[in-house]
Structures are given as structure tokens and as C-alpha cells.
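Asker: Here's my sequence, what's the structure:
(2 chains)
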There are 2 protein chains.
Amino acid sequence: MTQESAYAVVQDYHRAWTSGDVDRAMTRVADDITCRAPGADLTGKAAYRAFIAGFAPALTGLADIASFADGDRVALFYYPETAATTTAPAAECFTVRDGKIAESVLIFDRLSFGPPAEA
Amino acid sequence: MTQESAYAVVQDYHRAWTSGDVDRAMTRVADDITCRAPGADLTGKAAYRAFIAGFAPALTGLADIASFADGDRVALFYYPETAATTTAPAAECFTVRDGKIAESVLIFDRLSFGPPAEA
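Answerer: Numbering: from 1, shown residues only, chains lettered A, B, ... in the order given. Purely as a prediction, here's the structure:
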């Protein structure tokens, strides 16, 4: 049993996408991931990838606040720095199953990251 | 040394305000608390109390997602249920010092809890 810890899986995922490597990040994500994001419930890796890939290019930096792990659950709090703000925090609560991220609850305040966009 | 754990302090705080007992909740909060909330940086217990007391009456229920503790830091993820939504999560990352909540980062998506309000 050499499976990585849930914390290691999530940290690698997080480092990958926040450095712009969405492909590598997605190797850490289960095909049937479900994600509750602000204003959107995402189901499946394709939808999740599109969401992350849409935000990643806007990231200009990152500042950690705190991280937590408890069994198969991992939480990250951080500041995603963008042209709009460097002081609006985000939180993610991940559930890892079979070495992949299977569930995510992603929380940030859309208003703090700019005016609401029309799809 | 019988000081309560940071986790116990935060859980009691959380149970108190989410059941409408803002007075009891505030016994868990340091006088010089700082809180980063969506769209507002709060400093001091009076400002923090006003913020929490403004939201507490809107709460119609609560569903837990996960909680974490790591030393003096505690994280809560939950659904604050209101007339506007029961599916918009909130996250809080607390720092406890000397048995009181000294720092809080509070994250939720204002748009999910209703249209932006004018102050």
C-alpha cells in the first residue's frame, strides 16, 4: 500500500493548476468528480476542467492562508491573486477517493473578483 | 492547564450564533478580533458582533459539510440555510489565541445569498 495521502494528492493538484499546468492537475481528478462552485454545480472531469481552465489564466499569484487534512478530506484556504484583487480569499474542501479528487466544494465571493459576467 | 481546545472554542461559538444566541457566541471572541468577510474587513468585537448579528436572524437552518483542526487553527465548511438558498456553502478559518477567537477568514458567495444589497 504505497498510495499517496489525500493531502499529497490535493497539494500536487493545487500546485499544478495554480502554476498553469491544468493537464497535470487533471491527472489528480476522478472522471466522475462532482464540484459545487459559486453559481454552478459541475459534474464530470470535462466540466470541471473547463471551469478550472477558465480561471487559471487570470491567476497572477497565490498566497496561502492555511491547509487542513482529516482522513480523506483536505481543506485549503488561500488568496488567488488576480488583476481584480489580491485580498479576496478562496476555500476548497476536497474528498479524495482511490487516490483521486472525487468531490470538491469551492467557495469564493464572485463579487470580489469583479463584476458578474454574462455567460 | 485546562484550557479548552481551539476546536471546542470554535464549536461552541458556532453552535451559539447559529442557534441565535449572539451574546453567548461573543464570549468566545477576542476584543481585538480581526475578520476578513466578503467585501468587508472587520476590526474589533463591536464591528464583528454587528456583522454576525445582522446575518443570524436570516438563518433558517444549517447543514454541516466538514470541520478541521490543526493546532490553534480551526476550519468549518457548512451550508447556512436562508430563505434565499440552502445550497450555497460558507467556509470559516479561525485562529484561536488565549482561548478566544482572534482571527477569522469568512468566505461565502454574496451573489448566492441574494442580490447585492445597498448599505
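Asker: When you work out contacts or count neighbours from here on, use the C-alpha atoms and nothing else.
Answerer: Fine.
Asker: Give me the pLDDT for the closest residue to chain B within chain A.
Answerer: At 3.9 Å from chain B, A:Asp109 is the closest residue in chain A, using Cα to the nearest Cα. Predicted confidence (pLDDT) at A:Asp109: the value is 96.
Asker: Verify the contact between it and B:Arg110 for me.
Answerer: Yes - assessed by Cα atoms under 8 Å, A:Asp109 is found in contact with B:Arg110 at 6.0 Å.
Asker: Need the residues touching each of these two.
Answerer: B:Pro38 (Cα atoms under 8 Å, 6 or more residues apart in numbering or on different chains).
Asker: near chain B at all, the longest helix seen in chain A?
Answerer: As assigned by DSSP state H, the longest helix anywhere in chain A is helix A:6-18. No - using Cα under 8 Å from any Cα of the partner chain, helix A:6-18 never reaches chain B; the gap is at least 13.0 Å.
Asker: Give me the angle between the helix or strand containing A:Glu103 and strand B:100-108.
Answerer: Taking DSSP states H and E as the definition, A:Glu103 sits inside strand A:100-108. Strand A:100-108 and strand B:100-108 are oriented at 100 degrees to each other (axes from the mean of the first three to the mean of the last three Cα atoms, to 10 degrees).
Asker: elements contacting strand A:100-108?
Answerer: Under the contact criterion of 3 or more Cα pairs under 8 Å, 6 or more residues apart in numbering or on different chains; DSSP states H and E, strand A:100-108 touches helix A:6-18, strand A:29-37, strand A:90-97, strand B:100-108.
Asker: mind redoing it with 10 Å?
Answerer: Using 3 or more Cα pairs under 10 Å, 6 or more residues apart in numbering or on different chains; DSSP states H and E as the contact test, the elements touching strand A:100-108 are helix A:6-18, strand A:29-37, strand A:40-43, strand A:73-81, strand A:90-97, strand B:90-97, strand B:100-108.
Asker: May I see the ones you listed organised as CSV, with mean neighbour count added?
Answerer: Output for those, formatted as CSV (neighbours: other Cα atoms under 10 Å in any protein chain shown):
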stretch, mean neighbour count
helix A:6-18, 19
strand A:29-37, 20
strand A:40-43, 14
strand A:73-81, 21
strand A:90-97, 23
strand B:90-97, 23
strand B:100-108, 22
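Asker: closest one to B:Ile52 among those?
Answerer: Relative to B:Ile52, the nearest member of the helices and strands packed on strand A:100-108 by Cα to Cα is strand B:100-108, separated by 11.0 Å.
Asker: Can you list the strands that the closest one pairs with?
Answerer: Strand B:100-108 pairs in its sheet with strand B:29-37 (parallel), strand B:90-97 (antiparallel), by DSSP bridges.
Asker: For those strands, give me TSV that also has mean pLDDT.
Answerer: Listed next are the strands paired with strand B:100-108 as TSV, based on pLDDT from 0 to 100:
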stretch	mean pLDDT
strand B:29-37	98
strand B:90-97	98
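Asker: Show me the one of those strands that comes nearest B:Ala75.
Answerer: strand B:90-97 (4.4 Å).
Asker: quick one, that closest one and strand B:73-81 angle?
Answerer: 150 degrees.
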